[in-house]
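Peer 1: predicted model and sequence below, questions to follow.
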Protein chains: 2
Amino acid sequence: MGGALRALASDWFESRRDGDPQFTEKFFSQVVDHFNYNSLGNATFNQRYLITDRFWKKSFGPIFFYTGNEGDIWEFALNSGFILELAAQQEALVIFAEHRYYGCSLPFGNQSFSIPEVGLLTVEQALADYALMITELKLQLAAAHSPVIVFGGSYGGMLSVYMRLKYPNIVAGALAASAPILSTAGSGDPRQFFRDVTADFERVSPACRDAVTAAFQQLREAAERRDYSHIQSELSLCRPPSSDRDIHQLYGLLRNAFTLMAMLDYPYSTHFMGSLPANPVKVACDTMLGGSDLLTNLRDAAGMVYNSSGLLPCFDPYRLYVECADPTGCGLGFNSLAWDYQACTEIEMCYESNNETDMFPPMTFTPEARQLYCSKRWAVQPRPGWLRIQFWGDDLSTASNIIFSNGDLDPWANGGVRKSLSPSLIAINISDGAHHLDLRGSNPADPESVVKARQMEAELIAAWVKMERVRLQR
Amino acid sequence: MGGALRALASDWFESRRDGDPQFTEKFFSQVVDHFNYNSLGNATFNQRYLITDRFWKKSFGPIFFYTGNEGDIWEFALNSGFILELAAQQEALVIFAEHRYYGCSLPFGNQSFSIPEVGLLTVEQALADYALMITELKLQLAAAHSPVIVFGGSYGGMLSVYMRLKYPNIVAGALAASAPILSTAGSGDPRQFFRDVTADFERVSPACRDAVTAAFQQLREAAERRDYSHIQSELSLCRPPSSDRDIHQLYGLLRNAFTLMAMLDYPYSTHFMGSLPANPVKVACDTMLGGSDLLTNLRDAAGMVYNSSGLLPCFDPYRLYVECADPTGCGLGFNSLAWDYQACTEIEMCYESNNETDMFPPMTFTPEARQLYCSKRWAVQPRPGWLRIQFWGDDLSTASNIIFSNGDLDPWANGGVRKSLSPSLIAINISDGAHHLDLRGSNPADPESVVKARQMEAELIAAWVKMERVRLQR
C-alpha cells in the first residue's frame, strides 16, 4: 500500500536498528503451513519478532501485540511510538511480530517468491501465525492472565481487525489505525482513493490542485506531440521517454509521489517510507505554485519523495517505481514482491484515476486488468469477494472491541469504517491526521485532534484490559 | 465418531434414496483449495448437496443449512426430520451439504486418500466450502434477505458452531446437536467417554453393568489361558483368535457395539448407522441378564449391532471393526479413511477405557500412541491444542446465537457445552435423549424432554430469523 519508498528507507533503518535499545530481536519457530498437514509436515521457519518487557508488570500487565504488515518489522516498530507510550502507562509487554514473507521472515528463504512456494502467503496463514505465536509466547512467559490487545496500521490494522473477528479467544481488542477494510474487500468506489489524494492538495488551496492538474495536462500534451526531449529536460529524466509505455510509467511515478505525500502528511518531518519534510502537502503546494514553469514544479514536488537527499542526478522512472497489482504502489525489493502477490490474490485494490474526480492522468486498473496481470505474473486467479466472505466485509454487527481510527487527511480513510457501529465498535476520526498518525509517538507539533484520539484509545484499551482480566481469571 | 456401522447401512440408504421425493440432489462447483492460490489454481470439484424448496416462502423464508459431517449426506438428511418439520413451520428452504472427502464429494476422486491429496481434508476447508456455497446459492436463488441458520449433529454440530464463530456474517445462528466441541479439542477427561457409555447401561440396572464387566472379565481370563477355541465358539467367531493382537481387536469390536447402542439409544427402532431395535440399551441389558452363559450373552448383545439381520454365520472382528485414530470408531470404507485422517490431524480423541471407571477392558489411546499411529498411517503429526486456538475451546464469551443441545443418554454429551453461557448461548439438556435425538423427526415414542427441547429450539430459531431479517434489510 503506497509503499514505493520502503526499500530506499532501509539504509536508514539499518543504521537506526543497531542503536535502538528498546527492543530485543527474537525468532519464533513458526509452522510453515497451518492448513495442510501433508504439504510440509510440521516444517517450521524462523519468524522474527521484537519484544520489550521494560514496562511490563510481569504476568499481570497486558500484552500489546503489533500484527506486522507488509514490510520489515523494524520499520513499524520505530514508527509506532504511541504503543510504547501506552505500554509505559499500562505496564504492558510489547511485541512487534513480522508478517510472513516480509523482512527476514521468509518461509523458504530466497526461494520464497517462487511458484508454488509463494502460495503460503495468505492472510489466513498470517493470522494463524499470530494466533499460535501469542499462545506459545504466553505459555513461555507465564502470562496466561495477561490480556492481549492487538495493534496495527494500514494492512496491519486490517490484520488487527481480523484477529479480533477470528480469534477473540486470544485477543481482547484491536486498535486498527487507518485500516481500509472495506475498499480492499472490493466494496466502495474505485475513484475514491485518488479523489481523496487530490482533496488533500485542494485543501491547501484550490489553486494547488489546479496547478497539479495543469502540470499533468502540459505533460500529456508534450507526450501527444512526442516532444520527449522536452519532457526529459523539464523533468530531469535520466533518459528521454520513447513510447506510450514510458509515459505511462512516468505518470505512475509522479502520481505515486503525490499519493505518498498525502498519506504521510505529518506535521513534522519523518523517516517512514522515505524521508519527508513537515507538512509535505503544503510544501509540495508551495513548490507547485512557486516557479513559473509547471513541469519543473512538478519535478521538484516529486523530488521531495524521490530525491529528498538531493543526491540523485536524474530520475529513472523504472528504477524508482514498479507498477504492480496495487495502483497505490508496492514499493521495491522482496517486500514489494510479497505485496504484489497479496494484491493479486486476496486484497482487492482496483483504484483508478480519471482526471475528472482527481488531478491525475486517467489510469484505470480494472478487475479484468488485474486478472490478466496476476495470471501472467504469479499464475494465480484473484477471487473477488473472498475477503468479504472470510472477513465479514461491513457485516460487523457481531464483533466487539475494535477501534477504527482514521485521519481525514489519509486517502485510505474513506475505505475504512468511519462511523461507530456499536458502543464497542468505535470509529475515531482525526480531523488533522494522515495515515495512522495516532500510532506515532507524541510530538510537540501534533494537532489537538490526534492528542484527543490517543487519549480516547488509551481509555478504551484500559477498559478492555480490565474486562478481559476478569474473564481470564474466571 | 462411533461410526463403525456406517458402511453396512449404505445399502439401505441406496434403496431409500431413489424413492425419496423430499430432496433434489445437486452438485456445487467448489474450490478445491481455498487457502493456497498456487497449489491448484482455481481447480474445482463437485460437492454434493440436497435441496428442497417445498416449504420455502421464496426470497423471504429462512435457509436451513445442514453442515454435513463424516458420512454420506443422504444418511444425515434421512435422519434429521426435525429440520424438515421446522422448515414447514417456518417456510424455510432446506439444504443438506455434503462434507468434502465424504460420500460422493471427493475432491480427487478415488485418489482423494493418497498423500498428499488427502491434505486438503481440514475443518477450515470444509467451513470455507459451506461459506462459499451459501454465498453463491443465495445469489443464484435471489435469497439475499433470507437469514441462514445452520444445523448439525455430532461433528456436524461442531461445524455448525464453528460456522457461527467464524462466519457470523453468513449464518445468523446454529443448532449444534450433540457437538462435543470440548472433548474433541483435547479438553476434559479421557475417561469420560467410556464412563458415560457405562453409565447408560448402569442406568437400566447396576446388574447390567456388572454383567458386562463380568463377561469381559471371563473373556480376559480365557484369553490369558489362551483358550482361544473356547472364545471362538462362545462368541461365534469365524476363526479362533491366535494372538494378543486378535484379542485386542475383539475387545475393540465388542466395546464398539456397546458404544453404538448407548449413542443410538432411541425409543423406537432406527436405521441410522445400522439397524437397531427400540431402546437398544435396555434390550442389550435384557440379553446380558437373560441366558446363563455370560459370553454368549455378550455375543448376542454385540450381535444386535453387527448382525441385526441375523444373516451373519459368524463374526470376523477385522471385517466388522477397523481400529483407527478414533477409539469410538471410524466406520468402514472411504468415509472411515477420511474420519481417521481427521482424527489424526485436528480432531483429538484420546479416550480410554480402564475397567475401573467403566465396564470395558483397559484400552488406552495416549497422545503418544496417536502420534505414532498417525505418523505411520498418514505421514502427519497431530498438532495438539490447535482446535482450541482456531475454534476458541471454551472461550465462547464473544459468541452468540448458538444452541448446544445434548442428550443425557449420549456418551458424547459431557464432551460438549452443558450449561448456558449467556442468553444467546443456550445449553438444552434432554434428559431422555441419546445422540442428537432432537434432530430426528417427531415420533409417538418421543420422551417429553425431546418434545420440549424441539419447541424451545423452534422458538429460538424463529427469534434469530426475525432479528437477522431486520439486519439484512438495513
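Peer 2: Yep, it's here.
Peer 1: quick one: the strands in the stretch 351-474 of chain A?
Peer 2: With DSSP state E, counting those that start in this stretch, the ranges of strands along the stretch 351-474 of chain A come out as A:402-407, A:425-430.
Peer 1: okay, now the sheet partners of the first one, with direction.
Peer 2: I take that to be strand A:402-407. Looking at strand A:402-407 with DSSP bridges, its partner strands are strand A:173-177 (parallel), strand A:425-430 (parallel).
Peer 1: so of the ones you listed, which one's packed in deepest?
Peer 2: Across the strands paired with strand A:402-407, averaging neighbours per residue (mean count of other Cβ atoms under 10 Å in any protein chain shown) puts strand A:173-177 on top, at a mean of 30. Using the backbone N, CA and C atoms, a C-beta is placed for each residue, glycine as well.
Peer 1: circling back: turn the strands paired with strand A:402-407 into CSV, including distance to residue A:281 and mean pLDDT.
Peer 2: Shown next, in CSV, are the strands paired with strand A:402-407 (distance: least, Cβ to Cβ, whole Å; pLDDT from 0 to 100):
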stretch, distance to residue A:281, mean pLDDT
strand A:173-177, 20, 98
strand A:425-430, 16, 98
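Peer 1: can stretch A:24-44 be found next to chain B?
Peer 2: Yes - Stretch A:24-44 is in contact with chain B by Cβ under 8 Å from any Cβ of the partner chain, via A:31, A:35-39, A:41-42.
Peer 1: for stretch A:187-197, same thing?
Peer 2: No - applying Cβ under 8 Å from any Cβ, one finds stretch A:187-197 separated from chain B by no less than 12.6 Å.
Peer 1: cool, stretch A:140-160 as well?
Peer 2: No - in terms of Cβ under 8 Å from any Cβ, no part of stretch A:140-160 sits within range of chain B; the closest distance is 12.0 Å.
Peer 1: and that stretch, which residues are buried?
Peer 2: Neighbour counts over stretch A:140-160 (16 or more other Cβ atoms under 10 Å in any protein chain shown) mark A:141, A:143, A:146-160 as buried.
Peer 1: quick one: mean pLDDT for it?
Peer 2: Averaging pLDDT along stretch A:140-160 yields 97.
Peer 1: where along chain A do the strands fall?
Peer 2: Along chain A, the segments classed as strands by DSSP state E run A:24-31, A:44-52, A:63-67, A:93-97, A:148-153, A:173-177, A:402-407, A:425-430.
Peer 1: using PDB, list the CA coordinates for the last one.
Peer 2: Spelled out, that is strand A:425-430. Included here for strand A:425-430 are C-alpha records, laid out as PDB according to Å, rounded to 0.1, in the frame of the first residue of the first chain:
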ATOM      1  CA  LEU A 425     -17.000  -0.800  17.600                       C
ATOM      2  CA  ILE A 426     -15.800   2.700  17.700                       C
ATOM      3  CA  ALA A 427     -14.800   5.000  14.800                       C
ATOM      4  CA  ILE A 428     -12.300   7.700  15.800                       C
ATOM      5  CA  ASN A 429     -11.800  10.300  13.100                       C
ATOM      6  CA  ILE A 430      -8.800  12.500  13.400                       C
END
